[in-house]
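Asks: need coordinates for the following:
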Amino acid sequence: MAGHSQFANIMHRKGKQDAVRSRLFSKLAREITVAAKMGLPDPAMNPRLRAAVLAARAENMPKDRIERAISKAVGGDAESYDEIRYEGYGPGGVAVIVEALTDNRNRTASDVRSLFTKSGGALAETGAVSFMFDRVGLVEFAGSVSDADTMLEAAIDAGADDVTSEAQVHRVWCAPERLADMAKALEARFGEPQKSLLTWKPQTTVPVDDETGEKVVRLVSQLDEHDDVQKVYANFEASDDLLSKLSA
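Replies: Below you'll find the model as predicted:
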């Protein structure tokens, strides 16, 4: 299993157990508002907004709060946020990409740099690690909507580049420019996906021992908990023992 998928699974489970939902909903609302402000306020006509709404639904964010976040953008009273990507190296040389929405660049940069430094890693220049990742489109469905062969056939027909199927989830990958069309084709066959978004997929993963793996997960968790940070990606490969420990 790829490192980014391992981490996503860990963080999803930890999120269900530990995360403060008000913080999570605030981040989701911020992304919805920014997406609606940058394009049309209709998720059907705005792929980024649709991705944000799907993410909010996946976390059981109330419908009225989703609608308020969109209305905020339409009403013109939304705060102005800058989109920033930070890149750096975590423990063990693991490459880390951080995507943020902030109204104070200096504050966010200082906080992110401090977290990298305290972990034993280092914040680097933009472009320092992103070449180790591919920018791709991702559509995710629950494993129950289809068997692996059927999903693979449908994904190929829809223009996918890669498909991974597990018991709980199907992940379908494509070039960024094909995401909207592919998602529409797959949705027509399997219903609304769990996710449909642009993401960073590591080209290769870095194996880490359990001690280093725990440090990496701690760093990414701390970054993820920052109010201005929207998404974190890391290219590490953890052992099954560590995954079991962290998922417990």
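Asks: quick one, strands of the protein?
Replies: Ranges of strands in the chain, per DSSP state E, are 82-89, 95-102, 122-124, 133-142, 162-165, 169-174, 195-202, 206-207, 229-234, 236-237.
Asks: can you tell me the average pLDDT over the longest helix seen in the chain?
Replies: Looking across the chain with DSSP state H, the single longest helix is helix 21-38. Averaging pLDDT along helix 21-38 yields 90.
Asks: domains for this protein, by residue range?
Replies: According to automatic domain parsing, the chain is divided into the following domains: 3-74, 82-131+204-247, 133-202.
Asks: just put those in JSON lines and tack on mean neighbour count.
Replies: For glycine as for every other residue, the C-beta is placed from the backbone atoms N, C-alpha and C. Below are the domains of the chain laid out as JSON lines (neighbours: other C-beta atoms under 10 Å):
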{"stretch": "domain 3-74", "mean neighbour count": "17"}
{"stretch": "domain 82-131+204-247", "mean neighbour count": "18"}
{"stretch": "domain 133-202", "mean neighbour count": "17"}
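Asks: least reliable of these going by mean pLDDT?
Replies: Across those, the lowest-scoring stretch is domain 3-74, with a mean of 81.
Asks: one step back: hmm, who's touching the longest helix of the chain?
Replies: Here helix 21-38 makes contact (C-beta atoms under 8 Å, 6 or more residues apart in numbering) with 15, 46, 48-49, 51-53, 55-56, 59, 61, 65-66, 68-70, 72-74, 78-79, 81, 83, 101, 225, 227, 229-230.
Asks: M182 reaches G137, doesn't it?
Replies: Yes - between M182 and G137 there is a contact at 6.7 Å, judged by C-beta atoms under 8 Å.
Asks: distance to E187 for the strands of the chain - can I get that in JSON lines?
Replies: Shown next, in JSON lines, are the strands of the chain (distance: least, C-beta to C-beta, whole Å):
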{"stretch": "strand 82-89", "distance to E187": "27"}
{"stretch": "strand 95-102", "distance to E187": "25"}
{"stretch": "strand 122-124", "distance to E187": "38"}
{"stretch": "strand 133-142", "distance to E187": "8"}
{"stretch": "strand 162-165", "distance to E187": "16"}
{"stretch": "strand 169-174", "distance to E187": "11"}
{"stretch": "strand 195-202", "distance to E187": "8"}
{"stretch": "strand 206-207", "distance to E187": "35"}
{"stretch": "strand 229-234", "distance to E187": "23"}
{"stretch": "strand 236-237", "distance to E187": "32"}
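Asks: residue contacts, the residue nearest to A234 when sequence neighbours are not counted?
Replies: Nearest residue to A234 in three dimensions, chain neighbours excluded: V96, at 4.9 Å (C-beta to C-beta, 6 or more residues apart in numbering). Residues in contact with V96 (C-beta under 8 Å, 6+ apart) are 87-90, 116, 121, 129, 219-220, 223, 232-234.
Asks: next: A158.
Replies: Contacts of A158 (C-beta under 8 Å, 6+ apart): 172, 174, 181-182, 185-186.
Asks: how near is it to R48?
Replies: Distance, A158 to R48, using C-beta to C-beta, to the nearest Å: 20 Å.
Asks: how about L186?
Replies: For L186, the distance to R48 equals 18 Å [C-beta to C-beta].
Asks: correct me, but W173 touches R135?
Replies: No - W173 lies out of contact with R135 (C-beta under 8 Å); the separation is 11.0 Å.
Asks: what residue in this structure is the furthest from its centre?
Replies: G75 (27.6 Å; C-alpha atoms, centre = their mean).
Asks: how about that one, phi and psi?
Replies: phi -70, psi -10 (degrees, to the nearest 10).
Asks: list the residues that contact it.
Replies: No contacts exist for G75 under C-beta under 8 Å, 6+ apart.
Asks: how far away is it from L138?
Replies: 31 Å.
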